[in-house]
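>>> What would the 3D arrangement of this be:
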Amino acid sequence: MSEAVRLSRFDRLRLIWQSLIHRDEATRKAYLEYHLVRRKYILSQTCQHLKVNKHEPAPLLGMNLLDIGCGNNHIAEEIAFRGADCVAVDLNNDAIHLASRSAASKGSPVQFILSSAEELVRENRQYDIILCLDVLEHTADTKRLIWAVSKLLGPNGVMVFSTINRTWPSWLANVLVVERMLKWMPVGTHTWKNFLPPEELAHLLDTHGLKLTHQTGVCFNPTTRNWDKTTDTSIRYMGTVVRK
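Presented below is the predicted three-dimensional model:
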């Protein structure tokens, strides 16, 4: 969807209710794999910041990209085909193994490392693009992670993230429905206190010399099995961060 859609509170509740009806495996798989909407956002925001044409075959050629907490999200392996030199790190050895095998099978030249952002800081590394996708709400120390990003981000760098807001519709959708009712994810995957409101994240970024320049909501429609950008950031949102 090219334009963000507007969702009223009624619309949000309707989508949550539809999720309860759609218990099939295909819908569950579509919910877990929302990398397409993130990939489009990453490409759009990074190219805009770097002032390059996103429609070029390799608009990120020569750029160094770091995917923090990559898991097995396939983002780095896809962005690598747009020219970026990609490094992906995670503390889960199984995730690194699966992601590395997936990238290798597609000929994507991503370097996967069993490591953390803090460890990369100690190695004095810096990157033009940093991805932090669905990591902020799972880290044990959000302040420490933001500090690491501030050290790893190059002078003209850009960070793109996705995370979950701390609101009651968010708890309803991500914990009550997805975990406890539908069991699309293990119970305990999400912790309410770790959810991050945009204003709280903006304050954390500000204390480390970073600023939030753009944000957009993102929601799953169980009827179409698509993820779409939305003007509503109350459940899940993506954003762009640069140096102040």
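>>> Just list whatever residues bridge to the residue most central in space within the chain.
The residue at the geometric middle of the chain, judged as the C-alpha nearest the mean C-alpha position with Cα atoms, centre = their mean, is Leu133 (2.3 Å). Residues in a beta bridge with Leu133, per DSSP bridges, are Ser162.
>>> How many residues are close by Asp85?
18 (other Cβ atoms under 10 Å). In this view, the C-beta of every residue, glycine as well, is placed from N, C-alpha and C.
>>> The one 5 residues further on too?
Asp90 has 23 neighbouring residues, counting by other Cβ under 10 Å.
>>> same question, the one 5 residues further on
By the criterion of other Cβ under 10 Å, Ala95 has 18 neighbours.
>>> Name all residues that make contact with it.
When contacts are counted by Cβ atoms under 8 Å, 6 or more residues apart in numbering, Ala95 is found next to Cys70, Gly71, Asn72.
>>> which one among those gets closest to Ser170?
Nearest to Ser170 among these, counting by Cβ to Cβ, is Gly71 at 20.5 Å.
>>> picking up where we left off before, gap between the residue nearest to the centre of the chain and Leu61?
Leu133 sits 22 Å away from Leu61, taking Cβ to Cβ, to the nearest Å as the criterion.
>>> helices and strands around the biggest helix by length in the chain, which ones?
Criterion DSSP state H: the longest helix present in the chain is helix 35-50. Using 3 or more Cβ pairs under 8 Å, 6 or more residues apart in numbering; DSSP states H and E as the contact definition, the elements that helix 35-50 packs against are helix 75-79, strand 127-133, strand 153-164, strand 210-221, strand 226-230, strand 236-243.
>>> So what touches that helix?
When contacts are taken as Cβ under 8 Å, 6+ apart, the neighbours of helix 35-50 outside the stretch itself are 53-54, 59-60, 63, 73-75, 78-79, 82, 128-129, 131, 133, 156, 158, 160, 162, 214, 216, 218, 227-229, 238, 240, 242.
>>> Over to stretch 77-85?
Residues from elsewhere that reach stretch 77-85 (Cβ under 8 Å, 6+ apart): 35, 39, 42-43, 57-65, 86, 99, 102-103, 106, 108-110, 129.
>>> Quick check: end-to-end length of it?
Start-to-end span of stretch 77-85 (Cα to Cα, to the nearest Å) is 10 Å.
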